[in-house]
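Participant: any chance you can model this:
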Amino acid sequence: MLRRRPAGLKAHQRRPTLSGRVLKQRSGGGGGGTDTAAAKMPQQNRRAPPNVQALRERVEAQSKRMTRKIRLDKTKYDRLRKTKSEISKSRSKRVKKAVAEVHEMADKSAEQLASAELMLTAEPGFAKVESVKKPRPLSQAQLLPHVDLQSQQKIFELKLDKLGPYRLDFSRNGQHLLLAGQKGHIGLMHWQDKQLLIEQYLNETVRAVKFLHNETMFAVAQKKRIYVYDKQGTELHCLQDLIKPRFLDFLPYHWLLVASTLSHLQYFDSSIGSLVWKTRTGLAPTQAMRQNPWNAVMCLGHANGVVSLWTPNTGKSAASILAHRAGILSLDVDTTGTYMVTSSVDSIVRVWDVRTYKQLQQYYLREPARAVSISQRGLIAAGGGSSVTVWKDALATHAGAPYMTHRAPPDSSVVDLAFCPFEDFLGIGHITGYMSVAVPGAGEPNFDSYVANPFETGKQRREAEVHSLLEKLPASMITLDPNMIGRIANQEEDREQVREAWKERVADTASAKPETRKNLKRQARKKHLEKEAKNDPRVRLQRHEDAQSATKAKQHAKAKDEDMSLSEEEGGWYAEEDDAEAEAGEERPRRSKMASALSVFGDQKPDWL
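Facilitator: Numbers count the residues shown, from 1 in each chain. The predicted model follows:
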């Protein structure tokens, strides 16, 4: 319904209200004048309340601090900062452009990772004992009354005393548990709510189990072959190339299933089910195998105390470490690829720096540790006999006393250990079953959903599987230093390294005794002259001619010896003929090896002689 304009009102005298009516402004008196004066006040003279102004300044200061922190934390994720100077050293514009794009992407990703750290509010927590000067190791009985109800439900024990001992493995997101008894019992379960998914009896010896890219597929090392099953227990594939496998591991970024026997090592591509590479170790029997998560290098522990590092690109080990004087029982590498823990028959657990291959720490146990494991936060667990010992802050520094201890059943012995990813729990496989114990501070509280998502749905799992398959890395990219891939070869850096090594050699020579110094200088001079002589083309040509002449002389002497031996066996008629021809002044053509061989058929001479 349209309303008619009231008479006597002009356009500037009308103002709308909430009800939609038009009211007449009063020209004078009352409160109308105050409203008009406030409306005519200039905008720049208005000021925000004091509390709003202070809040605005506080927000600006906080944003500046956050920006400064992001810049500082960015260097932690910028792995290509050492190679940025290589762009100007290349002469190719195409290479410069490609490398510049890679560095730009690396800068963006480092900045995003540094800014994402501000959103990580969860922090790891450790159990502490108050008002005690020398705290004793905590046990599950002391810890159980102080944890929440949800965590108490995750502490349990499975008694399976007929089909053990049991090996175990957790999925990458830490939600599923795979158990395997040595006598053929296989079980897959969602361990947090104790929901059993499959249970099978293979009626065959089982030595190892391993999840593949996710919980939908797993591999089992049985008596003679390796079999691959799905989460319903259906057999998908049988790998016939390896006989009697003992150890299994999986490289998620390369989709490679690594299997080892006592003397052989093989890589299988799980995406196509074919053999990629195999070799014979040529060392003592293999007793432990574990991968380095940082560079995908396989670490094998042998019965002679040696740890060998393997890549599927060379026919021999990339490096070897004499870790113990006795046989190695177990080993593990932390997630950063910096530290390695080994255990041996001599009841010693040692911590090694994988970058320098040097020993850092050493711990003693009452019994040999048959299994060791490193958590995501750097806790070390070692199980020997019926006891499990956990150390905190024991990698870079020496831990004075254990952080926690736990006892398995008296009639049992620990066989396998594994920390659950993103959870503060430790899985223990022993002869009579399985145990789950709480270890505060073991798991990583903040997870990356692009790597492993504990809360992923079925759709997210399928998408992640497709992306992982498309981004699969070839086996040829596995090296000890993965940062070398994509770098520009620089001869100047190699020369600089040679100069530095020579300076160190000169410094060592100067600090030695006078007699030793003279000998070292004499040896260095001799090596230098030999190297120059080898590179001289005239010397190489003369050496080649001498080798040819020596070879001809050997062949001539050998042929002459054969001719003389044949003439003696045939009664000497060749020798008499040679003498007669020599007296007549005739030169008889030289007999070949075929002629000498034909002469053994009888006294009758061939016509062509």
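Participant: please make it C-alpha for all contacts and neighbour counts, starting now.
Facilitator: Fine.
Participant: list the buried ones in stretch 204-212?
Facilitator: 205-212 (16 or more other CA atoms under 10 Å).
Participant: now residue 105. Its backbone dihedrals?
Facilitator: Note on residue 105: backbone dihedrals following degrees, to the nearest 10 are phi -60, psi -40.
Participant: ok, how many other residues are close to it?
Facilitator: By other CA atoms under 10 Å, the residues close to residue 105 number 12.
Participant: ditto for residue 345
Facilitator: By other CA under 10 Å, neighbour count at residue 345 equals 19.
Participant: dump the residue contacts of the residue nearest to it when sequence neighbours are not counted.
Facilitator: Excluding the flanking residues, the one nearest residue 345 by CA to CA, 6 or more residues apart in numbering is residue 368, at 5.3 Å. If you count contacts by CA atoms under 8 Å, 6 or more residues apart in numbering, residue 368 has them with 343-348, 384-385.
Participant: go on, residue 472?
Facilitator: Residue 472 touches 253-255, counting by CA under 8 Å, 6+ apart.
Participant: could you do residue 318 as well?
Facilitator: 308-311, 480.
Participant: what does it show for phi and psi?
Facilitator: phi -70, psi -30.
Participant: next: the one 3 residues further on.
Facilitator: When quoted as degrees, to the nearest 10, the phi and psi of residue 321 stand at phi -130, psi 130.
Participant: ok, now residue 320?
Facilitator: Dihedral angles (degrees, to the nearest 10) for residue 320: phi -140, psi 140.
Participant: the nearest residue to it once chain neighbours are set aside: neighbouring residues, count only.
Facilitator: Spatially, and ignoring its direct neighbours in sequence, residue 320 is nearest to residue 308 (4.3 Å; CA to CA, 6+ apart). Other residues near residue 308 come to 23 when the count uses other CA under 10 Å.
Participant: which SSE is residue 308 in?
Facilitator: Assignment of secondary structure by DSSP states H and E places residue 308 within strand 306-310.
Participant: who are the packing partners of that strand?
Facilitator: strand 298-302, strand 319-322 (3 or more CA pairs under 8 Å, 6 or more residues apart in numbering; DSSP states H and E).
Participant: return the angle between stretch directions for that strand and strand 298-302.
Facilitator: Using axes from the mean of the first three to the mean of the last three CA atoms, to 10 degrees, the inter-axis angle of strand 306-310 relative to strand 298-302 is 150 degrees.
Participant: what does strand 306-310 rub up against?
Facilitator: Contacts of strand 306-310 (CA under 8 Å, 6+ apart): 297-302, 316-324, 327-328.
Participant: let's see it at 7 Å
Facilitator: Residues from elsewhere that reach strand 306-310 (CA atoms under 7 Å, 6 or more residues apart in numbering): 297-301, 317-324.
Participant: so which of the residues you listed is the most crowded?
Facilitator: residue 301 (30 neighbours).
Participant: look up how far residue 308 lies from it.
Facilitator: Using CA to CA, to the nearest Å, we find residue 301 at a distance of 7 Å from residue 308.
Participant: where does the stretch 501-609 of the chain have low pLDDT?
Facilitator: Along the stretch 501-609 of the chain, segments meeting pLDDT under 70 span 501-502, 505-521, 532-536, 560-609.
Participant: rerun at 80
Facilitator: Residues of the stretch 501-609 of the chain meeting the criterion pLDDT under 80: 501-544, 556, 558-609.
Participant: kindly report the same for the stretch 51-200 of the chain.
Facilitator: For the stretch 51-200 of the chain, the ranges with pLDDT under 80 are 51-96, 98-100, 102-103, 106-125, 128-136.
Participant: sorry, back to before: mean pLDDT and distance to residue 430 added to the helices and strands packed on strand 306-310, as CSV?
Facilitator: Shown next, in CSV, are the helices and strands packed on strand 306-310 (pLDDT from 0 to 100; distance: least, CA to CA, whole Å):
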stretch, mean pLDDT, distance to residue 430
strand 298-302, 96, 21
strand 319-322, 94, 29
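Participant: so which of those strands comes closest to residue 333?
Facilitator: strand 298-302 (8.7 Å; CA to CA).
Participant: all helices for this structure, in order.
Facilitator: 32-39, 50-77, 93-116, 140-143, 149-153, 458-470, 491-510, 514-535, 537-569, 573-584, 593-598 (DSSP state H).
Participant: enumerate the positions of the third one that are buried.
Facilitator: In this case it means helix 93-116. In helix 93-116, counting by 16+ other CA under 10 Å, buried: 96, 99, 103, 106-107, 110-111, 113-115.
Participant: redo the residues you listed as JSON lines? Include distance to residue 124.
Facilitator: Shown next, in JSON lines, are the buried residues of helix 93-116 (distance: CA to CA, whole Å):
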{"residue": "96", "distance to residue 124": "43"}
{"residue": "99", "distance to residue 124": "38"}
{"residue": "103", "distance to residue 124": "33"}
{"residue": "106", "distance to residue 124": "28"}
{"residue": "107", "distance to residue 124": "28"}
{"residue": "110", "distance to residue 124": "23"}
{"residue": "111", "distance to residue 124": "24"}
{"residue": "113", "distance to residue 124": "19"}
{"residue": "114", "distance to residue 124": "19"}
{"residue": "115", "distance to residue 124": "20"}
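Participant: now, which of these sits nearest residue 273?
Facilitator: residue 106 (33.7 Å).
Participant: point out where the stretch 251-400 of the chain drops to low pLDDT.
Facilitator: Along the stretch 251-400 of the chain, the model assigns pLDDT under 80 to no residue.
Participant: just the strands from it, written as ranges.
Facilitator: Taking DSSP state E, counting those that start in this stretch, the strands of the stretch 251-400 of the chain run over residues 256-260, 264-269, 274-280, 286-291, 298-302, 306-310, 319-322, 328-333, 339-344, 348-353, 358-364, 371-374, 380-384, 387-391.
Participant: adding distance to residue 218, write these out as CSV.
Facilitator: Shown next, in CSV, are the strands of the stretch 251-400 of the chain (distance: least, CA to CA, whole Å):
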stretch, distance to residue 218
strand 256-260, 10
strand 264-269, 14
strand 274-280, 16
strand 286-291, 17
strand 298-302, 19
strand 306-310, 23
strand 319-322, 30
strand 328-333, 21
strand 339-344, 26
strand 348-353, 30
strand 358-364, 35
strand 371-374, 21
strand 380-384, 25
strand 387-391, 27
